[in-house]
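**Student:** Quick one, fold the following:
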Amino acid sequence: MVNVARSASNRILVRLNTLAEKFINEDKSLKNLEARLQECIDILENYRMECEKLGSLHPETPFKEAYSIYESAYIYYMILFKLLTERVPQSHEYADAKIERRCQPLLEVYSTLKKSLLQDTMIDNVETFLIKYSNEDPSMKIISTQKVEGGHNLPSGPFLTVPQLQTILSDQKISVLLIDVRKRYEFEFSHINSVAVLPLDPISFKPTYTIDQLEKISFINSPMHELQLFQKRNEYDVIVLYTKDNDITAYYYKQMMSLLAILLNHLHHHHHHHHHHNIKYPKILFLKGGFSEWVSHVSKSEIVSNLSDGYKNNNNNSNNIPCIKRPVTTSPHQIPISMVGSAPQPPQIPPPRNIYPSPPQTIPIIKNNANVTNAKNLITPQGIMTNRSIPDAIVTAIPTPSPPPLPRIPMKVGGTNESIWKYNPTIIIGLENMSNSCYMNCIIQCLLSVPELIQICLNNSFLKHINMESKLGSKGVIMKHFAKLIQDMHSQQVKTGRSLFSYPVKTIDFKNACASVSSIYSGSQQQDCQEFCEFLLDGLHEDLNQCGGNPPARELTDQEERLREGLCMRVASSMAWENFLHNNFSLIIDLFAGQYGSQLRCCVCQYTSTTYQPFTLLSVPVPLSSRVSRCSIIDCFQEFTKCERLDKDEEWFCPQCKRKQPSTKQLKITRLPKNLIIHFKRFDNMMNKNNIFIQYPYELDLTPFWVNDFNGELPLGMTNSLLTKGGQVGPFKYQLNAVACHMGTLGSGHYTAYVNKGPDVGWYYFDDSSHRIVKIATEYMNPDAYLLFYHRVYN
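**Tutor:** From the prediction side, this is the model:
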C-alpha cells in the first residue's frame, strides 16, 4: 500500500494528490451508498487497466507517454484511497448502513473494495518510478543514455541495446549480472556467454511474490550457485534482464516486467526502511529485443550452450529425460467412435466404424430459448446450454415417438481389449501465442486428449454432419476452422517430428473464425479459458447439431410439472434428457454433455420444484477458508451438492402456500458424461482469486455424487432402457487426461496445459509454442489447476 505521509513530502506526488483531491471535491452530486460504491468499483477497474498498460510498455514508448501512464495509475489509486478511507466512512449513509441489516451486502462490498486496496502491491512500484524519474527531461527517449561512474554510457531509461550490453560485458570495471527469464531447457540450449548469468523460469514466480518468496520457491530446483548469484545481486553494478524478444503481449515479457517490479520494490523498501543513503544499488536494465536480438547480432563465441550436441539435436534417450507413462486402464467395453468418415484422410487414420445415432424422425414441439453467450455466469455452473429454458414434457401426458437410443457402451470386439488410443494419432506440437491467446491454446491442447474429436477432424467425417440449417450454428465456420487447425498441427508434426524445438502452429485463422462469431475474441485482451472452452464446445455442437433447425416447444403446464415432480429424480431427469435431445443432438453432446437437477424445497409444506439443466463443463465452488491452505476435489463436489438455506430476500414463492416461504436449494448430478470437464470457480464476483491448493486424483470416482434414487416405479409406457441410455449405469469412474492451469490474475494471467498423450507416450506440458515431456510423476498435480479433463473408464 502507498505510504501517504511520504507521498505528501515529494513534489510530484503532492501535485498528483492535489489532482485527486480536486476530482473528489468537484463532485457535488448527492450519491447514496450504493452509487458511491459503484463509483469506487469503476475507479478500481480504471486503476487496474492502467496497471495492465504498465505491464505492456514497449521499448520504443516515449518516456513522456510512459510517465503519464504511471501518473494516471497513481491518481486513480489516490482517488479510490481517499473515497474508501475518508469520504465513504464519514458519510451518513455509511453510518446508517451499519445499523440496518438490509444494507449488510453493501458493507460487504465496501469491505471487499477496501481489502483489494490495502492488499495491492503495484502501487509501491508506481510510486517508486514516479519519484525516481520525476526530474527526467520529458522529451527524452526511453532508451537514451547518460554518463555514469567511470565515464561509461548506460541508458537512463530501462532498456539497453545489444552493442551497449557487449560494451559493458567487455569492460572489466563494470560487474554485470544477467538474469535469463526463459524456461530452463531454453537457457540450457543457448544463452548469453557471461561469467554471471542465471535462468529464472517465468512460470516459477508470480507478480505478487516478494524477494524472499523468489529465493525460497522459484530457486527450489536450481543449482546452489545460481541461488547464490541471485542473493549477491546487489553487489553488482548492473543487473540485466532478458527474455525471448520484445513481444509485449507474450507471457515471458510480462513476467520479466513483473520481475523488474519485484526487484525495484525490494530495493525501494530496503533503502527506505534501513536509511542506507550511502549504499550504491545496482542499475536494473532490459536487453532491447531480447535473446533473439542478441543471437542475430553477435558471434558464436558470445553464445554458449550447456547441452551436448546429441541433446541439442534431439537425440536424447530416456536416461536424459525420464518419461512418465501413466498406464490408462483399458476396459472390456469400448467407447464407440461416433461418425462415419466420408473421405479417409490421411490414409493411416481408419474411418470410424459406426455413425452416431440418427436424429429422431418425428420431432415434438420443444421450446428452446438458446442464447450463445460468453459472459461469466456467477450463479449457475452449467455449460454450453446454460441459458436454455427447456421445459420437459411428460411421457405419459404427451406421447411422442422416442428418438433412437444413444449407443450403449459396446462390448469388446473380437475378444480383444484394445483402447481407442490405438487408432489415434498423437499430436505433440506447440501453438503460437497470437496476442494473449494462451487461454485459447491451452484449451485446444486439452481437447486433443479426446481421441474421438481428433479422428473426426483428421478424416473429415465431420463434413457429413454440419447442419447449415442450425439456428444457432455458424454454418460450419467454427467446426471447419477447428478441424483445419488440428490438421495443421498433425501435418506440422509429421514434417518435424516431436522435437522440442519444432516450429509452433499459428492459430490466427481459427482465432479470426471465433472472432467472427463473438467479437470478444477479436482483440488482444486476455480472456477466461473456461469461457472460451464453453464457447468452443457450444460452437462445435451447434455446427454439428442435427436437430438445430427444429421448432421450439411449448411450456409445461402446471399439471404436467406436478406429475413430473412426483417421480423419482432418476426417472424425471431421464425424461428431461430425452426431450433435450430432440433439439440438441450432436457428437459434442454424446462426448461431453451431462445434466444436474436444481431442486427448491419449501421448508413449511415440503413442496418441491425441480429443473434439469444440461452442461458440458461443470463449475464447482472452491471452499473458502483462512484456516487451511488446501482442500480436495471431493470437498468441491460436496460444496456443489450441499443443501443451501436461502436468505430472507431470496426466499422462494411456494406455489402450494401461495406466498414466499423459508426455503432451501440443492443441486444434484443426474447424468455424468463420457468426458467430464471440471472447472474450479476460483474467482469471486469482484474477480478476486482463491489460490488454495486443490488436491485432485489421477483416478476419480464420482459414483457417490450421482443420483440413484430409482424405486422401481415407472410411468406407463416407459421402460428401464430409458434410464440406462448413454451408459448411465454406475460406477462412474474417471481417469485424468488433461489439466489447464492458470497463473496470475484474470486480466493479466497466463494459461498452460498438461496433457496425457496415451499409454505409449505419457504426459506432456504445453506452454504456447513450447512443450516438453513431464519429468516428475506428479507434476500435473498442479496448485494452479483451473480446468480438469477426465475420461470415463469402464472396468
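**Student:** got the residue ranges for the strands in the stretch 501-650 of the chain?
**Tutor:** 594-602, 608-615, 618-621, 630-632, 644-645 (DSSP state E, counting those that start in this stretch).
**Student:** Ok, which of these comes nearest E186?
**Tutor:** strand 630-632 (31.3 Å; CB to CB). Any C-beta I mention is one placed from the backbone N, CA and C, and that applies to glycine too.
**Student:** how close does the nearest residue to S516 once chain neighbours are set aside get to E560?
**Tutor:** Excluding the flanking residues, the one nearest S516 by CB to CB, 6 or more residues apart in numbering is V477, at 6.3 Å. Between V477 and E560 the computed distance is 38 Å (CB to CB, to the nearest Å).
**Student:** next one: N32
**Tutor:** 45 Å.
**Student:** Next, E713: secondary structure please.
**Tutor:** coil (DSSP: H, G, I helix; E, B strand; the rest coil).
**Student:** for the nearest residue to it once chain neighbours are set aside, phi and psi?
**Tutor:** Computed as CB to CB, 6+ apart, the closest residue to E713 that is not its neighbour in sequence is C568, at 7.3 Å. C568 adopts backbone torsions of phi -70, psi 160, taken as degrees, to the nearest 10.
**Student:** Could you pull up the residues touching C568?
**Tutor:** Contacts for C568 (CB atoms under 8 Å, 6 or more residues apart in numbering) come out as 709-711, 713.
**Student:** Specify which member of those residues is nearest to R564.
**Tutor:** E713 (13.5 Å).
**Student:** Now find how far off-centre stretch 609-624 is within its chain.
**Tutor:** Here the centre of stretch 609-624 is set off from its chain's centre by 18 Å, with CA atoms, centre = their mean, to the nearest Å.
**Student:** Distance across that stretch, terminal residue to terminal residue?
**Tutor:** 29 Å (CA to CA, to the nearest Å).
**Student:** Next, the buried residues of it.
**Tutor:** Neighbour counts over stretch 609-624 (16 or more other CB atoms under 10 Å) mark 609-610, 612-622 as buried.
**Student:** Likewise for stretch 201-213?
**Tutor:** Per 16+ other CB under 10 Å, stretch 201-213 contains these buried residues: 201-209, 211.
**Student:** gap between K495 and I429?
**Tutor:** Taken as CB to CB, the span from K495 to I429 is 10 Å.
**Student:** Tell me the bridge partners for R671.
**Tutor:** Q595 (DSSP bridges).
**Student:** What count of nearby residues applies to it?
**Tutor:** 25 (other CB atoms under 10 Å).
**Student:** Was I right to think it contacts Q728?
**Tutor:** Yes. Taking CB atoms under 8 Å as the definition, R671 is a contact partner of Q728 at 6.0 Å.
**Student:** Just to be sure, I776 is in a helix?
**Tutor:** No. According to three-state DSSP, I776 belongs to no helix; its state is coil.
**Student:** domain parsing for this protein?
**Tutor:** 3-139, 159-270+280-303, 424-543, 569-792 (the TED database).
**Student:** what about those domains, which gets the closest to G549?
**Tutor:** Between those, domain 424-543 lies closest to G549; by CB to CB that is 3.7 Å.
**Student:** so what's the spatially most central residue of the chain closest to, chain neighbours aside?
**Tutor:** The residue lying closest to the centre of the chain (CA atoms, centre = their mean) is C529, at 3.9 Å. Nearest residue to C529, sequence neighbours excluded (CB to CB, 6+ apart): Y439, at 4.1 Å.
**Student:** what about that neighbour, neighbour count?
**Tutor:** Neighbours of Y439 (other CB under 10 Å): 22.
**Student:** How about the contacts made by it?
**Tutor:** 526-529, 532, 751.
**Student:** Same question for I444.
**Tutor:** 431, 485, 507.
**Student:** Just among these, which is most surrounded?
**Tutor:** The contacts of I444, ranked by neighbours (other CB under 10 Å): first place L431, 27 neighbours.
**Student:** The residue lying closest to it once chain neighbours are set aside: which element?
**Tutor:** Nearest non-adjacent residue to L431, counting by CB to CB, 6+ apart: N441, 4.2 Å away. Element membership for N441 (DSSP states H and E) is helix 438-447.
**Student:** same check, this time on L723
**Tutor:** Counting by DSSP H and E, L723 is found in helix 721-724.
**Student:** so R184 sits right up against I203, yeah?
**Tutor:** No. Counting by CB under 8 Å, R184 stays clear of I203, with 10.2 Å between them.
**Student:** Any figure for the gap between the residue nearest to E713 and K642?
**Tutor:** From C568 to K642 the distance is 21 Å (CB to CB).
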